[in-house]
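Q: got a predicted structure here, sequence first:
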Amino acid sequence: MKATYVRDLTPNQEAEGVFLVQYKEVRQKRTGEPYLVLTLTDRTGELDAKMWDNAAVVADSFDRDDFIRVRGLVQIYQSRPQLTVHRLNKVPDCDVALADFLPASNRNPDEMFAELAGIIRGIGNPHLKALLAAFFADGEIARQYRQAPAAKSVHHAYVGGLLEHVLSMAALARLTAAHYTNIDLDLLLAGVVLHDIGKIRELSYVRSFGYTTEGQLLGHIQIGMQMLAEKLRAVPGFPPKTRILLEHMILSHHGALEFGSPKLPVFPEAMLLHLLDSMDSKMETLRHNIETDSRVGGEWTGFIPPLERSLLKKEQFLRDEEAPPPAGPPPAAPAPPVEASAAQAPLADQLTQAWSPKS
């Protein structure tokens, strides 16, 4: 286990540690001398870094996705920590543990995969159940589905993120299908499990998160359609119209043409799949950005491009709020109800008559 993580760095102190290079650029000062602009990461976060001096000496000694040991001063720049690097050298891959550098789900992957298997076992439609079983009987698909992130950077961007996202959507699917009685829950759950299946081949997640060549050329929707066609051949007698519904759900789950959906959702399960996907991804984006915002002080995060806004750190906003002192002594407990006496009965009768509708 490495000694120093991004989350442990303290402003205005010297720091030394091993980090993964997520971004590297050589720029020029006004004097014409080069300097390095870096983004360094580990499983706890990312850190902006700059090396102003001796950049020409080390610039060619490492590249993006390499591990480097750096020593420098942590400072605050524009309300965010930034490392001014004084010394830098590349670290061999054999000297690091990859688990220290890739963020991962807090949930146990075996438990999550067992939960997924339970969802598949609970599907009543025999054709949909057989199709999902065919997908996860493929050992390579099962392995990748357990590990893949749900996105490169926006939401659930960590090892196991895709599986966690799918399980969250499945829980929401059960709740909403119980409310909207025209929903076929088996069809909706099959769409939940398969809507992002193409991401296991679209995304790379060996060192840092990025896109495979196949992912850049085709995208996860097209890859998912290909994977569906391949597995349907292993399920003889699969109903052709149900196949079309599943294909439409994969094609339309982004919900809008401008968001990458080739088609718009046009039946209830497809629309609900899109809405659950959007809700779960946005709520995770909110959680992650509020919890990991590295700005020092203040009640707002920086601007979050996917959400097109800054976010309020609600807990910090409420932290100093004090409950107003009571205006006086606490109110007395109400007296227990008293049965009407015989002397009160005539008055009760009069009130009843007074409020009775006139004939």
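A: Arrived safely.
Q: can you show me the helices along the stretch 201-350 of the chain?
A: 213-218, 220-232, 240-252, 268-292, 314-318, 345-354 (DSSP state H, counting those that start in this stretch).
Q: please apply the same query to the stretch 1-150 of the chain.
A: 55-58, 109-121, 126-137, 139-147.
Q: quick one: V6 and P103, what's the gap?
A: 11 Å (CB to CB, to the nearest Å). For the C-beta atoms, the positions are set from N, CA and C on the backbone; glycine is no exception.
Q: give me the common contacts of the two.
A: Common contacts of V6 and P103 (CB atoms under 8 Å, 6 or more residues apart in numbering): T44.
Q: deepest of the helices of the stretch 1-150 of the chain, which one?
A: helix 126-137 (a mean of 18; mean count of other CB atoms under 10 Å).
Q: for it, what is the average pLDDT?
A: For helix 126-137, mean pLDDT is 96.
Q: got the CA positions of that helix in CSV?
A: Coordinates of each C-alpha in helix 126-137 appear next as CSV, following Å, rounded to 0.1, in the frame of the first residue of the first chain:
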residue,chain,number,x,y,z
PRO,A,126,-38.6,-17.6,-19.7
HIS,A,127,-37.2,-16.1,-22.9
LEU,A,128,-35.8,-13.0,-21.2
LYS,A,129,-34.4,-15.1,-18.4
ALA,A,130,-32.7,-17.5,-20.9
LEU,A,131,-31.2,-14.5,-22.8
LEU,A,132,-29.7,-12.9,-19.6
ALA,A,133,-28.4,-16.3,-18.5
ALA,A,134,-26.7,-16.7,-21.9
PHE,A,135,-24.9,-13.4,-21.4
PHE,A,136,-23.5,-14.2,-18.0
ALA,A,137,-22.7,-17.8,-18.8
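Q: the closest residue to R309 other than its chain neighbours: how many residues sit nearby?
A: Distances taken as CB to CB, 6 or more residues apart in numbering place F303 nearest to R309, at 7.2 Å, with adjacent residues excluded. F303 is flanked by 10 other residues according to other CB atoms under 10 Å.
Q: gap between F303 and V6?
A: 21 Å.
Q: likewise for I200?
A: I200 is 27 Å from V6, by CB to CB.
Q: which of the two has more neighbours?
A: I200 (24 against 20).
Q: under a three-state scheme, what state does that one occupy?
A: When classified by DSSP: H, G, I helix; E, B strand; the rest coil, I200 comes out as helix.
Q: my guess is it contacts L162. True?
A: Yes: taking contacts as CB atoms under 8 Å, I200 lies within contact range of L162: 7.2 Å.
Q: anything in contact with each of the two?
A: In contact with both I200 and L162: Y145, A148, using CB under 8 Å, 6+ apart.
Q: hmm, back to that, between the helices of the stretch 201-350 of the chain, which one is closest to Q22.
A: helix 268-292 (14.4 Å; CB to CB).
Q: list the contacts of the residue nearest to G191 when sequence neighbours are not counted.
A: Nearest residue to G191 in three dimensions, chain neighbours excluded: M249, at 4.0 Å (CB to CB, 6+ apart). The contact partners of M249, by CB under 8 Å, 6+ apart, come to L187, G191, L194, H195, P265, E269, A270, L273.
Q: for A190, same thing?
A: I123, N125, L128, L131, L132, L246.
Q: and these, which is closest to V58?
A: The closest of the contacts of A190, once distances to V58 are taken by CB to CB, is L132, at 50.6 Å.
Q: I'd like to know how far the nearest residue to that closest one once chain neighbours are set aside sits from I197.
A: Excluding its sequence neighbours, the residue lying closest to L132 (CB to CB, 6+ apart) is I120, at 4.7 Å. From I120 over to I197 the distance is 13 Å, taken as CB to CB.
Q: pairing partners for the longest strand along the chain, with directions?
A: In the chain, taking DSSP state E as the definition, the longest strand is strand 13-28. Note on strand 13-28: by DSSP bridges, its sheet partners are strand 34-42 (antiparallel), strand 67-77 (antiparallel).
Q: highest mean neighbour count out of these?
A: strand 34-42 (a mean of 20).
Q: how much space between the residue nearest to G191 and H274?
A: In terms of CB to CB, M249 sits 9 Å off from H274.
Q: G122 now?
A: In terms of CB to CB, G122 sits 23 Å off from H274.
Q: looking at these two, which is more packed in?
A: Set side by side, G122 and H274 show more neighbours around H274, with 22 against 13, by other CB under 10 Å.
Q: now do the contacts for that one.
A: Neighbours of H274 in contact, by CB under 8 Å, 6+ apart: S252, H253, H254, G255, S261, P265.
Q: now D320
A: Going by CB under 8 Å, 6+ apart, the list of residues near D320 is empty.
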